[in-house]
Structure formats: structure tokens, C-alpha cells
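Colleague: structure of the sequence below:
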Amino acid sequence: MLKLFSNLSEEVMVSPIQSKRPYAKWMPFSEEECLELLTAKIISPLFVWGGDFPEGFRYTGSFGVHEHFVIHEGLWITVENLVSIGETCTDVFIRESKLTCTDINSFLKIWLNQKANALRSLVIKCENINEDVIFNGLEDKMITVEGTMVYENEKLSAMFESMGTPQEFPPGLKVLRRKDGMIAAAGLHSIGLCICIWTDIRSIQENETGTWKLLPINNPPIP
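Modeller: The predicted structure is shown next:
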């Protein structure tokens, strides 16, 4: 059974019921519970998934519309899932992941083809990051930004004081620029691998810190 803490105007938090003491722990979701919530296409600024997904879980559909989407156990997340999440979610945080540097490289190549257009920040807790692998084959799509880049979702910070922490990228960083002008920077921060996206190079250069101000996103309608 799931616990669903919901105020759709603000946030949805989902977790399985804990087992009883003295061996309290989070119980795993069932596959039916996962699919029920994922296919519901919930629209809420904050959506947090707590607990573990069943072993071998797979999902190939679309996701709900969220300003901040958190998955505590994302071992089931694939590149295709990342693309789908990026179509409707703005800031994404995946605490556990099996995604490799090669997977991130594949995702960035898909993003370059103007997919995952709602995504502005992706944080994945992972280790052994190799930037050469992440950007392999993308060298001709990269430019150097001389100033310090700071990503801050001011809209999210205004809704939730504990969220929207600015992410800073050092000067001289090479970033991806796609045909429509959007910029993507990637780097390893204390919270994990961070990929942050700006609408264009001018939104970085307009002020001293390069703070990005969230622009309206026209998410596709939920069928």
C-alpha cells in the first residue's frame, strides 16, 4: 500500500508504508503501484518518489508535469526515460542510478536534436564521471564560456525555500550549444553530476554571474 501525501497545487510525495519497529524500513513498491501512479500523469510543481522500485521494473511511457521531480531510487531509469522526463519536468534529481557516462553521452546527443525541451536541470548521484566519455563525439558542438555560469531556478526557490539552490560552473568551461541556441553545461558537483541548461548564450552574458531566470515552458498537454 502507498502513502500519498498530496496537495496538487504545491506538491505530491509518494512512499510505501514502513514496516513495524524494531526493524523499520521502507518497503518496496509493487509494479502495479508504480504503473498506476506513472500513468496517472499527475500535474504538480513538486513530485517526490520515496522507497524502492521492484527489481527489474521497466517503464516506457511519458511522465507528469513537474517543476521539481525527485526519484530516490532510480536504478530503473534508462536514457529513454530521461528523455521522456525532460519533455515535461524542469528540475530533475535522481538519487540512485545505473546510468553510465556513455548513457549520459547518448542523452546529450538526443537533447542536441531538440528533445527533452522542458528540462533545465538534471542532477544524478553517481561516481566515476569521465567528461571525455560524456562529451565524446560532441566536440564540434561545444563553445567556451569565459564567465562564471550560475544556474538558479528562481521560480522553484520562490515556491520552496529549501530548493532551487544555485549551481555554479567555473569560467572557461566548454558547453554544448544546439541549433536553436540553447546551452547545456555539465560538471561534477558535491551533489552529483549536474547538467544545467540555459535558453541561449545571451541569458548567461546579460549579467555578471550569468544567473538564469526561468522562462515560461509550454509543456505538451497530458492526453
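
Colleague: is it true that E67 touches D91?
Modeller: Yes: the pair E67 and D91 passes the contact test of CB atoms under 8 Å, sitting 6.6 Å apart. The C-beta positions use only the backbone N, C-alpha and C, and glycine is treated the same way.

Colleague: helices or strands up against the longest helix seen in the chain?
Modeller: Once the chain is assigned using DSSP state H, the helix that runs over the most residues is helix 101-112. Contact here means 3 or more CB pairs under 8 Å, 6 or more residues apart in numbering; DSSP states H and E; on that basis helix 101-112 packs against helix 79-88, helix 131-134, strand 173-177, strand 183-189, strand 192-198.

Colleague: please tabulate these in a markdown table, including the columns mean pLDDT, mean neighbour count and distance to N113.
Modeller: Written out in a markdown table, the entries for the helices and strands packed on helix 101-112 read as follows (pLDDT from 0 to 100; neighbours: other CB atoms under 10 Å; distance: least, CB to CB, whole Å):
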| stretch | mean pLDDT | mean neighbour count | distance to N113 |
| --- | --- | --- | --- |
| helix 79-88 | 96 | 20 | 10 |
| helix 131-134 | 90 | 14 | 17 |
| strand 173-177 | 92 | 18 | 12 |
| strand 183-189 | 89 | 18 | 13 |
| strand 192-198 | 90 | 23 | 14 |
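
Colleague: residues in contact with the residue nearest in space to the middle of the chain?
Modeller: Most central in the chain under CA atoms, centre = their mean is V92, positioned 2.2 Å from the mean C-alpha point. If a contact means CB atoms under 8 Å, 6 or more residues apart in numbering, then V92 has 68-70, 82, 85-86, 119, 121-123 as its contacts.

Colleague: could you check the pLDDT of the residue lying closest to Q167 once chain neighbours are set aside?
Modeller: The spatial neighbour of Q167 that comes closest, neighbours along the chain excluded (CB to CB, 6 or more residues apart in numbering), is Y151 at 4.6 Å. Among the per-residue scores, Y151 holds a pLDDT of 83.

Colleague: for E33, same thing?
Modeller: 84.

Colleague: renumber starting at 31 from here on
Modeller: OK, 31 is where the count begins now, so the last one is E63.

Colleague: hang on, it in a helix?
Modeller: Yes: with DSSP: H, G, I helix; E, B strand; the rest coil as the criterion, E63 is located in a helix.

Colleague: for T69, see how far away it is.
Modeller: Applying CB to CB, to the nearest Å, one obtains 11 Å for the distance of E63 from T69.

Colleague: of these two, give the one with the bigger neighbour count.
Modeller: Residue environment comparison for E63 versus T69 gives the larger neighbour count to E63, 17 against 13, counting by other CB atoms under 10 Å.
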